[in-house]
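J.: I would like to see how this sequence folds:
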Amino acid sequence: MDRNGKQHERNPFHRVEKWTNNLYYSPAWLADAGVVLQLGHGGGECPSHRQYTSGDSWEDEDNWTSDEEDDNDIEATAAAHSRSADGSRPAAATYTGNQTVMVIVDTTGIHRIPVWWCGCEGAPSEEMQLLDMALYPASHRRVKSCFTFRVLDDFLLDNLDTFPDQVPNRYQELLRVSRQWGHMKDMMRHGFGYPGRARPGPGDLTFFCAACPQPGVNLPPEWKEDENQLIYTRGFMMDGNSSAEHLKMRRPANDVAISDGTGFMVGEGRYKAHLKVAKEVKSKSSCNNHKAVNLANADRHKLEATGIGATACPRHGCFLPHAVVDFQKGERQMNMDYSFSQALGRNMENIQRVILLYDINCQYGVHLRQRFTESPYLHMPRRLEIVQGIGLFHVHGHQDACFMRYSPTFIPGAGLVDGEILETLWSSLNKVSGSTRGMATSHRKEVLNRHMNDWNWKKMINIGKQMSIAADILLIHHAIQLPCCRPTAVTAVCLIAIDAAVDGTLHDLRSVPALRKKYTANLPLMEDVTTSYNAMVASADPEMIQAWTVQMEEAQWKQLTDVKAMDVFDIRTDRAPSRANIQLSLTDKETQHGLQRGTIAWLSQGIKVQEAVSLAAHVRSLPKSPTTEQKIDLLNRRKRLQTRVDAHEGKKSRYIVIEDNDEDDNEKDVDDNLGEEWDAVEPDDVFWAAPARASGNAIRLAERVAITLPSTLGHARCEALNIQQLAAQELKLREGQANDTLHQIRICLGQKSFLFRTSIRSAHSQHNKTRAWGDVNAVDRTLQHHTRVYSKAQKAMVSLGAPEHF
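T.: From the prediction side, this is the model:
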C-alpha cells in the first residue's frame, strides 16, 4: 500500500490493501494512507485550503444532534471504527478543522474521502469546485455526498431502451452456473472437494454454533465426570415463519436438486415419508387463542409451502443443520416434530438434558414422546430429559399459569435467555423470501441454505463479541449459583481463553475486544449484585430459606413429568372482591336476608346510574358559548340518562316505602362540587339551566337528580324506615365499587407513568410532543372519571354508617 498516498492523489477512488500484523493483506481505504481530494487547482494542493464555510446553517432536522446524543454516540462511533478496521466499510463521515470527509459514489464503490476546499481569493463556488473535479453534488446546501460523472454515465447507459437488445440474454445460463458454482464452493469449503472423499451427508455442508456443547467438538474428554452437568445442557428453540412461502411449480419435472439435504433444509425423500405416516392432529388451543395452533391445518391450494419451521440454539442464534422444514398446511406438529428430531441428531452423544423453547409448548409438548414413539422417522434418545419452555415474549400471551410452568426464568440451566432469537433470524431471512417465493423448489432451498449458512458463519467468527458469551463466562468464572441466574452452556475453548486472559498468559486479545471490555466492566457490577444477594439472604429466616430451597428443587425435579409442580413459584395475592362478584354472592342470598327478589339488581342499577357523574363533568368542561352540535349532544345524553333514572325510580316503591312528605325532602340535587377540583372550567349558569325534568315548580337536570338509595337517605333515615338490611347490602356493593375503581386508578397511574417514560421524555420535535401529551391527557381524563366515582362511593359508605376512614 502507498503509505504516503502521493501516488494516488490523482486516483483517489482506487481500492487498495494493506499488510496487517505482518501476516496477511486486508482491504483498506486510501484515506488511511493520507489521501486527500484537493479542489480548485485541478487536483493540486491549494496554498490556502480552508474549512467548510457554507453560509447555510444546519436546517435539516436529520443533521441536528443534541449534546446528549453526541455523548451517546461515542460508543457507536468506536464500534463503527472497529467495523471499518478490516476494510469492509469506510469509517463514518466526520468534519474536522481543515477538511470535510465526504461520501463519494464511484463505479469502484462507495468511498469516504477527506476533501479540502480551495480558499484562494476569487475561488469558484463549492458546486463549481466539485463539478471541476467531475463530481456532482447530491445537494446544494451543506454538501455531504457526491456522485462521479463516471457512475452517472454508466447509470444512464444501463437504462437506455436500445441497450438490452444488443446484449445476448444469458440469464438462465447464469442462474444454472451460479447454482453449480455455489455448490462447488460449499463442497470445497467443507472438505468434500478431494478425490475419493465420500459424498456429503445430511447437513454436512453447513456451519454450526461454536459455543453450544458438542461432544467430540468443543468439550474436554472428561466432561461426563463433571459434577455440574447444567453447563452441558443443550438448548433448542423452535419457531415457524409464514412469510417464507413457495408457489407450486408449473413443471415440477424440470426441477433438478443439486444438494438435497446437505444444508439446512431437510432432505425431500425421508421428510415426505414421515408426513405420510404421521397422524394429523386437528386440535383447538386449550390455552389462549394461539394463531399457530388454530391455523395449523390451514390449506392454501396455490402454495407448495405455506412457510418454514426451524430449530436454532436459543442463546447464540445459529440455525441447526438439516432441521428446517417446509409447511404444507400451516405450522403443524408433524412438521415441527421432524425438525426437532433432526436437531437431536446433531452432535448429541451422551448429552442427557435438553431445554426446548417453543411458542406453544403448552400444547405441543403434551404428547411429544408418544408421537416420537409412533413414528419410524423420528428419533429421540431414550433417557433424554426434555425441559419445555416458552419464550418470554410469547409466554405473556398465554394463561397466567403458563408463566410459572414454562418461563425460562424458572428453568435451571437456561440462563438469561429470552427464547425469541428465531424472530430476529426471520427478520433477516424475510428479505429474500419474496425472491424465493417463485423460484424452483430446489433453487429456493439452495438460496435459503446459503443465507442461513452465511448467518451461522458470521455468528461463529464474531462470537467473541457476543454479550451472552461474556455473561456466561463471567458467571462461571465466579462460580456464582444464584437460583434466578444459572450458568449455561459455554465452550471449553472460551473458558480457556478467558482464564488465560485473567492470568495474563494470553497477550493478544484483539480477537475478542468486546469480550475483554465487557468482562472488565462487569467485575464491579458482579460484586455489587453478590453483596445485595447475600444481604437479602441474611435478612431472611434460615429455616424459611431451607424450606423454600426444598420446595424449589422438588418442583424443578417434578417439572419433567408434571409441569403443574411449578405452580409453587406463583405468588398468589387475593384481589379485593369486585362489585360484580359481590352482587352475584348477594343475589344468591336475597331470600336468606329477608329481601325481595331483584333487590340487589335494583341497588346495583342505582349505583351505575350514579356513576354518570361524568356527564356533570362534561357539562362543566363545555365552553360558555357551546355550539349547536354540542347542545344537541348534551340533550341526547341527558335524555338517555333520564330514561335510566326514571326506570330506577319507577321500582323504588317495591323496596322502600316513603311517605308523601318525605318525597319532597328526597328531591334534592347531588353535590355540585363533586370532583370540581379536577375541573379548570367554571360552569355556565345559563346553559346549566336547560330543563331535563320538572317536579312541581323546580327545574331539575338529569345529572343533578338524587337517586333514591339507602345512601341517599342516610343512616338515620334508614333506621326510621326500617330498611337497615337494605342499607347493609348497598354498603357491600359500594365496597366492591370502591375496589373496582381503585384498581382502575392504579392502571391509569401506571399507564400515565409509562407514557412519561416512553413518549414524553423521548419526544424532541413539537409534533411528537403534541401527540405524546395528547395521549397523556386522554389517560388523565379517564383517571379523573374514576377518581370522581371513588369519591362518590366513599361518601355513600360514610352515609350508610361506615367510618370516615373506610
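
J.: shaky segments in the stretch 551-700 of the chain?
T.: Across the stretch 551-700 of the chain, the ranges flagged by pLDDT under 70 are 573-574, 612-614, 659-700.

J.: how about the strands in it?
T.: Using DSSP state E, counting those that start in this stretch, the strands of the stretch 551-700 of the chain run over 693-695, 698-700.

J.: now swap in the stretch 1-150 of the chain and tell me
T.: Using DSSP E, counting those that start in this stretch, the strands of the stretch 1-150 of the chain run over 16-20, 24-28, 37-38, 100-106, 109-116, 135-137, 145-148.

J.: Adjacent strands (with direction) for the fifth one?
T.: What that stands for is strand 109-116. strand 37-38 (parallel), strand 100-106 (antiparallel) (DSSP bridges).

J.: tell me the average confidence for it?
T.: The average pLDDT within strand 109-116 is 87.

J.: how about that strand: buried residues?
T.: Within strand 109-116, the residues that count as buried by 16 or more other Cβ atoms under 10 Å are 111-116. C-beta here means a position set from N, CA and C on the backbone, and glycine is covered the same way.

J.: Check the offset of stretch 797-806 from the chain's centre.
T.: From the chain centre to the centre of stretch 797-806 is a distance of 47 Å (Cα atoms, centre = their mean, to the nearest Å).

J.: For it, what does the pLDDT average out to?
T.: Mean pLDDT, computed over stretch 797-806, is 78.

J.: Then stretch 761-776?
T.: Averaging pLDDT along stretch 761-776 yields 89.

J.: before we move on, what about stretch 214-224?
T.: If you average the pLDDT values across stretch 214-224, you get 91.

J.: how about Gly309, secondary structure?
T.: Under DSSP: H, G, I helix; E, B strand; the rest coil, the three-state class of Gly309 is strand.

J.: mind listing what it touches?
T.: Gly309 makes contact with 238-241, 324-325, 327, 331, 335-336, 339, according to Cβ atoms under 8 Å, 6 or more residues apart in numbering.

J.: With respect to pLDDT, which of those ranks lowest?
T.: Glu331 (89).

J.: That one contacts Ser242, doesn't it?
T.: Yes. Contact criterion Cβ atoms under 8 Å: Glu331 and Ser242 qualify, at 7.4 Å.

J.: Mutual contacts of the two, please.
T.: Common contacts of Glu331 and Ser242 (Cβ under 8 Å, 6+ apart): Gly307.

J.: So for these two, which sits in the more crowded spot?
T.: Taking neighbours as other Cβ atoms under 10 Å, Glu331 and Ser242 compare with Glu331 leading, 27 against 18.

J.: Excluding chain neighbours, what is closest to that one?
T.: Using Cβ to Cβ, 6 or more residues apart in numbering and skipping residues adjacent in sequence, the residue nearest Glu331 is Gly240, 3.9 Å away.

J.: Against Asp132, how distant is the one you found?
T.: Computed as Cβ to Cβ, to the nearest Å, the Gly240 to Asp132 distance reads 58 Å.

J.: Quick one: mean pLDDT for stretch 381-399?
T.: Stretch 381-399 comes out with an average pLDDT of 90.

J.: what comes up buried for that stretch?
T.: 386-392, 394-395, 398.

J.: okay, that stretch in CSV with CA atoms only?
T.: Coordinates of each C-alpha in stretch 381-399 appear next as CSV, following Å, rounded to 0.1, in the frame of the first residue of the first chain:
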residue,chain,number,x,y,z
PRO,A,381,-32.6,-40.7,23.0
ARG,A,382,-34.2,-42.9,25.5
ARG,A,383,-33.1,-41.3,28.7
LEU,A,384,-33.1,-37.7,27.4
GLU,A,385,-34.6,-35.1,29.8
ILE,A,386,-36.6,-32.5,27.9
VAL,A,387,-37.5,-29.4,29.8
GLN,A,388,-40.1,-27.4,27.9
GLY,A,389,-40.3,-23.7,28.0
ILE,A,390,-41.9,-20.7,26.2
GLY,A,391,-40.2,-17.5,25.1
LEU,A,392,-40.5,-14.5,27.4
PHE,A,393,-42.4,-12.5,24.8
HIS,A,394,-45.0,-15.1,23.9
VAL,A,395,-45.5,-16.6,27.4
HIS,A,396,-47.3,-13.4,28.4
GLY,A,397,-49.9,-14.1,25.7
HIS,A,398,-50.7,-17.4,27.5
GLN,A,399,-52.8,-18.1,30.6
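
J.: Next, Pro418: secondary structure please.
T.: Careful, residue 418 is Asp and not Pro. Bear in mind the rule, three-state DSSP; under it Asp418 is coil.

J.: Near it, how many residues? Count them for me, please.
T.: Using other Cβ under 10 Å, the number of residues around Asp418 comes to 17.

J.: Kindly report the same for Met334.
T.: Applying other Cβ under 10 Å, we find 20 other residues in the vicinity of Met334.

J.: ok, now how distant is the nearest residue to it once chain neighbours are set aside from Glu735?
T.: Nearest residue to Met334, sequence neighbours excluded (Cβ to Cβ, 6+ apart): Ala278, at 3.9 Å. Noted for Ala278: a distance of 56 Å to Glu735, by Cβ to Cβ.

J.: how about the top helix by length along the chain: buried residues?
T.: In terms of residue count, the longest helix belonging to the chain (DSSP state H) is helix 766-799. By 16+ other Cβ under 10 Å, the buried positions in helix 766-799 come out as 772, 776, 779, 782-794, 796-799.

J.: ok so, going back, need the contact list for the residue nearest to Met334.
T.: Ala278 sits next to 334, 337, 371, 375 when contact means Cβ under 8 Å, 6+ apart.

J.: Could you rerun that using 10 Å?
T.: With contact taken as Cβ atoms under 10 Å, 6 or more residues apart in numbering, Ala278 is in contact with 332-335, 337-338, 371, 374-375, 377-378.

J.: For Ala720, state which of those residues is nearest.
T.: Nearest to Ala720 among the contacts of Ala278: Gln333, at 70.3 Å, using Cβ to Cβ.

J.: my guess is Met452 meets Val324, correct?
T.: Yes. Counting by Cβ atoms under 10 Å, Met452 touches Val324, with 7.1 Å between them.

J.: Please report how far Gly650 lies from Gly598.
T.: Applying Cβ to Cβ, the value for Gly650 to Gly598 is 13 Å.

J.: Those two: who's more crowded?
T.: For Gly650 versus Gly598, neighbours defined as other Cβ under 10 Å are more numerous around Gly598 (14 against 9).

J.: got a list of what that one touches?
T.: Counted by Cβ under 10 Å, 6+ apart, Gly598 has contacts 587, 590, 605, 651, 654-655.

J.: I'd like the distance from stretch 104-124 to the chain centre, please.
T.: The chain centre lies 43 Å from the centre of stretch 104-124; the measure is Cα atoms, centre = their mean.

J.: and what of stretch 188-196?
T.: For stretch 188-196, the distance to the chain centre is 42 Å (Cα atoms, centre = their mean).

J.: Make sure I have this right: Gly317 is in a helix.
T.: No. Applying three-state DSSP, one finds Gly317 to be coil, outside a helix.

J.: give me the number of residues near it?
T.: Counted with other Cβ under 10 Å, Gly317 comes out at 18.

J.: and if you look at Lys651?
T.: 16.

J.: That one contacts Val645, doesn't it?
T.: No. Using Cβ under 10 Å, Lys651 is not in contact with Val645, being 11.6 Å away.

J.: Name the residues contacting each of the two.
T.: 606, 708.

J.: okay, the buried residues of strand 109-116 in TSV with distance to Lys458 next?
T.: Formatted as TSV, these follow (distance: Cβ to Cβ, whole Å):
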residue	distance to Lys458
His111	24
Arg112	23
Ile113	28
Pro114	31
Val115	33
Trp116	38
